[in-house]
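[1] Okay, structure incoming, though there's no sequence with it:
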């Protein structure tokens, strides 16, 4: 961030994508986050954007991606991994701080990190639908031996994932808790690009995607998306379980947009708590 925001000179924020997360972020900015102002939004279609735009107390424009990047000092990506391939180089190349929700797309993108350094901006990743990233970051200063995450969702929460399609897994036929994937984050993130951004965030905070492992389960009747994190290191160990109430999108927990709002609030805060 190039400057400290104030009520008189707030940071301008643009939101890309108006799904379950983007819409809630817009509503929070519209309701008021100290030192921040919603400058505009972009969406796939005007029809998708209109309900959100009409719900806001302060009117904001629907912009093209070029226009949004020109208008906003902070760009919030709440779209898809595929769309991030276009958003990231444009936003970072323009010197904009980029808040990334589809952080699975960050794995292996040292070029984006270098681009941000070159243009004096930052890539910011919210905690998303999990907790404990502060402890993982702290623990990673000393050696960490292992990081494992187990994720459980109702079968519908995994629908459409490339792994499900490729393996021809019939989610409707699952009648009991079933392990549907096991492996490193490097394999899991492309296999479940819309589902395991939390795993990417965990790997980036800790020991990297090659050494961070996951087990993914489909659990019929499960009403909360559940993530269990286990970390062993020089500091000791910790276990954490987060049970998320899904948003209107069964693949997305409510904590995903709440943690994004908290990250934005910190941008304008003079007191920040946590690593």
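    Sure, I can see it. All values derive from a computational prediction rather than experimental measurement.
[2] give me every residue that touches the residue nearest to residue 230 when sequence neighbours are not counted.
    Nearest residue to residue 230 in three dimensions, chain neighbours excluded: residue 148, at 4.8 Å (C-beta to C-beta, 6 or more residues apart in numbering). Quick note: C-beta positions are derived from backbone N, CA and C, even for glycine. Applying C-beta atoms under 8 Å, 6 or more residues apart in numbering to residue 148 gives the contacts 212-215, 229-231.
[3] which SS class is residue 148?
    The three-state assignment at residue 148 reads strand, by DSSP: H, G, I helix; E, B strand; the rest coil.
[4] so what's it bridging to?
    Applying DSSP bridges to residue 148 gives these bridge partners: residue 213, residue 230.
[5] so where do the strands sit in the stretch 151-275 of the chain?
    178-184, 212-218, 225-233, 236-244 (DSSP state E, counting those that start in this stretch).
[6] In JSON lines: those strands, plus mean pLDDT, distance to residue 21 and mean neighbour count.
    Converted to JSON lines, those look like this (pLDDT from 0 to 100; distance: least, C-beta to C-beta, whole Å; neighbours: other C-beta atoms under 10 Å):
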{"stretch": "strand 178-184", "mean pLDDT": "98", "distance to residue 21": "24", "mean neighbour count": "15"}
{"stretch": "strand 212-218", "mean pLDDT": "97", "distance to residue 21": "21", "mean neighbour count": "22"}
{"stretch": "strand 225-233", "mean pLDDT": "95", "distance to residue 21": "14", "mean neighbour count": "21"}
{"stretch": "strand 236-244", "mean pLDDT": "94", "distance to residue 21": "13", "mean neighbour count": "14"}
